[in-house]
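# structure for the following, please:
(chains A and B)
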Number of protein chains: 2
Amino acid sequence: MTEIINRQYFLASRPGAMPTTENVQCRDVPLAPPGPGEVILRNLYISLDPAIRGWMSDAPNYIEPIALGDAVRSSVLGRVVESNSPDFAVGDVAMSVGAWEQYTTAPAAGLNKLDETAGIPLSLFLGALGPTGLTAYFGLLEVGKPRAGETVLVSAAAGAVGSVVGQIAKMQGCRVVGMAGSEDKCRWLTDELGFDAAINYKTCGDYVAAIQKAAPEGVDVYFDNVGGEILDAALLCLNQFARVAVCGWISTYNEANPPGPVNLWQVVARSATVQGFTVLDYLDRFAEGIGQLAEWLMAGKLKYREEIVDGLDNILPTFLRLFDGSNSGKLVIRIPE
Amino acid sequence: MTEIINRQYFLASRPGAMPTTENVQCRDVPLAPPGPGEVILRNLYISLDPAIRGWMSDAPNYIEPIALGDAVRSSVLGRVVESNSPDFAVGDVAMSVGAWEQYTTAPAAGLNKLDETAGIPLSLFLGALGPTGLTAYFGLLEVGKPRAGETVLVSAAAGAVGSVVGQIAKMQGCRVVGMAGSEDKCRWLTDELGFDAAINYKTCGDYVAAIQKAAPEGVDVYFDNVGGEILDAALLCLNQFARVAVCGWISTYNEANPPGPVNLWQVVARSATVQGFTVLDYLDRFAEGIGQLAEWLMAGKLKYREEIVDGLDNILPTFLRLFDGSNSGKLVIRIPE
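Numbering: from 1, shown residues only, chains lettered A, B, ... in the order given. Coordinates of the predicted model:
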């Protein structure tokens, strides 16, 4: 058998701000045969998520930082090319925690087999039907706990997570306000996804005034994807007993010493709750979540955007688009078969 | 009847930092007769609480700021000297929201009659058996939700609220670590109140290292009375799913633009919750709380310190002692009969 070469993008040094080609470098390494119980995937899709930027830093996080020298961790979806497990045959399609690489070797126990014949585009299992959709589902329903008639504010609302959050909140009978960074995104939120109002945070001026106008009865749930000034503004618009579900703070990930939210004391003034979470908190309920999301998707109640970029070699510049707001919906790298 | 003169300390201007005699001034005003349904108390005790400093500012808060020109709002305990209500007779003792003043006029509906014959020192109804004790009781049990075997960290632990929090946490079967500002206070916590460890934050050096040493299994509940650097350190010591009960941020009340907690992002890394509350959230359960606190107190399970300072004219300098850490336990002004 010819030796297989695995192209990888690995963490050569920790980024101080935006990751550069100094921090993330390319290498071609021979692919080792799978160990006992292991499976090798030829990756078809690699998920690009803001959280990956957090793992590149060595600050305390919910999972270990990516070790220097390791390929950049991410969710991958691939086709089995070698298997040392009775549970996986060559040709099967599966999801795994993997990396920015052409081939991922992983223990079979950590893989999630997917049914290619169900007619669902595979990339969706990394997005609306995968970790992204589950983050929205559990974060909104279990952390935000919206009740019918309440107002839900979502930042990065045209993003992969935010767009799902807003649509689920609408299904709960809430008034939904989204914040996004372009007129096109805002139109998508209100005209296609059914948001009640959208705020273009790049042009709206004073955030507090804009939120108060779009949410005249105050904010009961703020689903926070961005942190920074928008969080500080949202804190001033919370109703009593409001819940802030903190998913991530994309506005701060590339800053060396981001300031804390100066208005956090408003949680006392309003008896409000700020709760962080990750999708891993709900591992034992993934099947429930995916089932519900798939049902909504098939019924046309859950819409999504995804942006698929071809070529592993485009992965770093594509990843960086998450941070300048130029993408919309789920961002995925495809490595054509 | 001779005209009664009511001495009051009123808010002449909003303090930028520590309140001064420019901000809080004295005046003597004739006491108006009580309106329909109103009662006049001759105040015996006036409660001094950090929260009062918050009400002196005009930032959004859980109750209205004290209006300029109004006497400084606080809890008072007094004897009825005039009553226009069938529910109160002259000579009764009652608690009320009042002010830094010799006489408080209030609607009978807002008063809480106390039983002088029960043998409980009256001042305790402003402290361990009053708003202070209830803040500790509901904040710890309903917001912190400690479980047996967990570690509870309390800041301002020798204060009126913190000392009660720690003792209740011990009764729940928790490991309890207190932070306080002197060796004497720390000894009181461990030797008399049964805390497992105490940290003198003025001498301990690195807060994170000190907390990690005193709480080797991490912090499950942090009862936060102080904010600032101690909150930032505690955030780095939280266990997964930890709860931070935010009672108040005394370290920041006299700062014009206190920074936000830079480590707040740790709520995501640890799936933790930061929840603000005030005792008013539990108004409908006050009777339950006071009953339980009284039971513990009579049984010797709940100890307290109080510092009673005589003389309304000492009220401002005495209040300021809350902020330099020179008091211990509940601070009360007495106006002898």
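
# OK, contacts around residue A:104?
Applying C-beta atoms under 8 Å, 6 or more residues apart in numbering or on different chains to residue A:104 gives the contacts A:40, A:41, A:43, A:76, A:78, A:96, A:98. All C-beta atoms are positioned from the backbone trio N, CA, C, and that covers glycine.

# my read: the third one touches residue A:77, true?
Yes: applying C-beta atoms under 8 Å, one finds residue A:43 in contact with residue A:77, separated by 7.1 Å.

# looking at these two, which has the bigger crowd around it?
residue A:77 (26 against 23; other C-beta atoms under 10 Å in any protein chain shown).

# now the contacts of residue A:104 as TSV including distance to residue B:124?
As requested, those are exported to TSV (distance: C-beta to C-beta, whole Å):
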residue	distance to residue B:124
A:40	71
A:41	68
A:43	68
A:76	63
A:78	68
A:96	62
A:98	62
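
# farthest pair in these?
Largest separation among the contacts of residue A:104 by C-beta to C-beta: A:40 and A:76, giving 11.6 Å.

# in the stretch 1-150 of chain A, which spans are helices?
Here the stretch 1-150 of chain A has its helices, by DSSP state H, counting those that start in this stretch, at A:51-55, A:131-138.

# tell me which of the ones you listed sits most buried.
Each of these was scored by mean neighbour count; the highest is helix A:131-138, a mean of 26, by mean count of other C-beta atoms under 10 Å in any protein chain shown.

# can you dump the C-alpha coordinates of that one into CSV?
Once side chains and other backbone atoms are set aside, the C-alpha atoms of helix A:131-138 remain, and they are given as CSV (Å, rounded to 0.1, in the frame of the first residue of the first chain):
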residue,chain,number,x,y,z
PRO,A,131,-22.7,21.2,17.5
THR,A,132,-23.8,24.6,16.2
GLY,A,133,-27.5,23.8,16.3
LEU,A,134,-27.2,22.0,19.6
THR,A,135,-25.5,25.0,21.1
ALA,A,136,-28.4,27.1,20.1
TYR,A,137,-31.0,24.6,21.2
PHE,A,138,-29.7,23.9,24.7
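
# what helices and strands are in contact with that helix?
Judged by 3 or more C-beta pairs under 8 Å, 6 or more residues apart in numbering or on different chains; DSSP states H and E, the packing partners of helix A:131-138 are helix A:160-171, helix A:286-298.

# from residue B:254, how far out is the residue nearest to residue A:106 when sequence neighbours are not counted?
Of all residues not flanking residue A:106 in the chain, residue A:96 sits nearest, at 4.6 Å (C-beta to C-beta, 6 or more residues apart in numbering or on different chains). To residue B:254, residue A:96 is 54 Å away according to C-beta to C-beta, to the nearest Å.

# which one of the two is surrounded by more residues?
Of the pair residue A:96 and residue B:254, residue A:96 is the one with more neighbours under other C-beta under 10 Å, namely 20 against 16.

# so that one makes contact with residue A:113?
No: with contact defined as C-beta under 8 Å, residue A:96 does not count as touching residue A:113 (10.3 Å).

# and for these two, which residues touch both?
With the criterion set as C-beta under 8 Å, 6+ apart, the contacts of residue A:96 and residue A:113 do not overlap.

# return the residues of chain A in contact with chain B.
A:59-62, A:227, A:232, A:236, A:241, A:246-249, A:252, A:257-278, A:281 (C-beta under 8 Å from any C-beta of the partner chain).

# same thing but 6 Å
By the criterion of C-beta under 6 Å from any C-beta of the partner chain, the positions of chain A lying close to chain B are A:60-62, A:246, A:249, A:260-262, A:264-265, A:267-269, A:271-277, A:281.

# can you say which of those are buried?
Among those, those classed as buried by neighbour count (16 or more other C-beta atoms under 10 Å in any protein chain shown) are A:61-62, A:246, A:249, A:260-262, A:264-265, A:267-269, A:271-277, A:281.

# re the thing from before, Serialize the helices and strands packed on helix A:131-138 to CSV and add fields for mean pLDDT.
What follows is the helices and strands packed on helix A:131-138, written out as CSV (pLDDT from 0 to 100):
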stretch, mean pLDDT
helix A:160-171, 98
helix A:286-298, 95
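
# so for residue B:118, which of the ones you listed sits nearest?
Closest approach to residue B:118 among these (C-beta to C-beta): helix A:160-171, 51.6 Å.

# and the helix or strand just after that closest one, what's buried?
Using DSSP states H and E, the helix or strand that follows helix A:160-171 in sequence is strand A:175-180. Neighbour counts using 16+ other C-beta under 10 Å place A:175, A:176, A:177, A:178, A:179, A:180 of strand A:175-180 among the buried residues.

# give me the distance between the second one and residue A:223.
What that stands for is residue A:176. Here the criterion is C-beta to C-beta. By it, residue A:176 lies 10 Å from residue A:223.

# equivalent analysis for the last one, please.
Shown here: residue A:180 relative to residue A:223, a distance of 13 Å by C-beta to C-beta.

# and the helices of the stretch 1-150 of chain A as TSV, adding mean pLDDT?
Shown next, in TSV, are these (pLDDT from 0 to 100):
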stretch	mean pLDDT
helix A:51-55	95
helix A:131-138	97
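
# in helices, which of the buried ones among the residues of chain A next to chain B appear?
With helices taken from DSSP state H, the overlap with these comprises A:267, A:268, A:269.

# can you read off the pLDDT for residue A:1?
According to the prediction, residue A:1 has pLDDT 57.

# gap between stretch A:215-229 and the chain center?
On the basis of C-alpha atoms, centre = their mean, to the nearest Å, the separation between the geometric centre of stretch A:215-229 and that of its chain is 18 Å.

# scratch that, stretch A:121-134 is what I was asking about
The chain centroid and the centroid of stretch A:121-134 are separated by 10 Å under C-alpha atoms, centre = their mean.

# surely residue A:234 is within a helix?
Yes: Residue A:234: assigned to a helix according to DSSP: H, G, I helix; E, B strand; the rest coil.

# residues touching it, list them.
Residue A:234 makes contact with A:153, A:222 under the criterion C-beta atoms under 6 Å, 6 or more residues apart in numbering or on different chains.

# for it, give its distance to residue B:155.
Distance of residue A:234 to residue B:155, computed by C-beta to C-beta: 26 Å.

# what's the answer for residue A:258, then?
Taking C-beta to C-beta as the measure, residue A:258 and residue B:155 are separated by 24 Å.

# again, but for residue A:110
Between residue A:110 and residue B:155 the distance is 41 Å, computed by C-beta to C-beta.

# neighbour count for those two, which is higher?
A side-by-side neighbour count of residue A:110 and residue B:155, using other C-beta under 10 Å, places residue B:155 first with 29 against 13.

# my guess is that one meets residue B:228, correct?
No: taking C-beta atoms under 6 Å as the definition, residue B:155 is not a contact partner of residue B:228, at 9.4 Å.

# contacting residues around whichever residue of the stretch 101-250 of chain A sits closest to chain B?
Nearest residue of the stretch 101-250 of chain A to chain B, counting by C-beta to the nearest C-beta: residue A:246, 5.4 Å away. The contact partners of residue A:246, taken as C-beta under 6 Å, 6+ apart, are A:224, A:276, B:267, B:268.

# go again with 10 Å.
By C-beta atoms under 10 Å, 6 or more residues apart in numbering or on different chains, the contact list for residue A:246 reads A:139, A:143, A:222-225, A:227, A:231, A:274-277, B:264-265, B:267-268, B:271-274.

# repeat for residue A:8
Residues counted as contacts of residue A:8 (C-beta under 10 Å, 6+ apart) are A:25-29, A:70-72, A:99-104, A:312.

# quick one: buried ones out of those?
Buried among the contacts of residue A:8 by 16+ other C-beta under 10 Å: A:71, A:72, A:99, A:100, A:101, A:102, A:103, A:104, A:312.

# no more questions from me, cheers.
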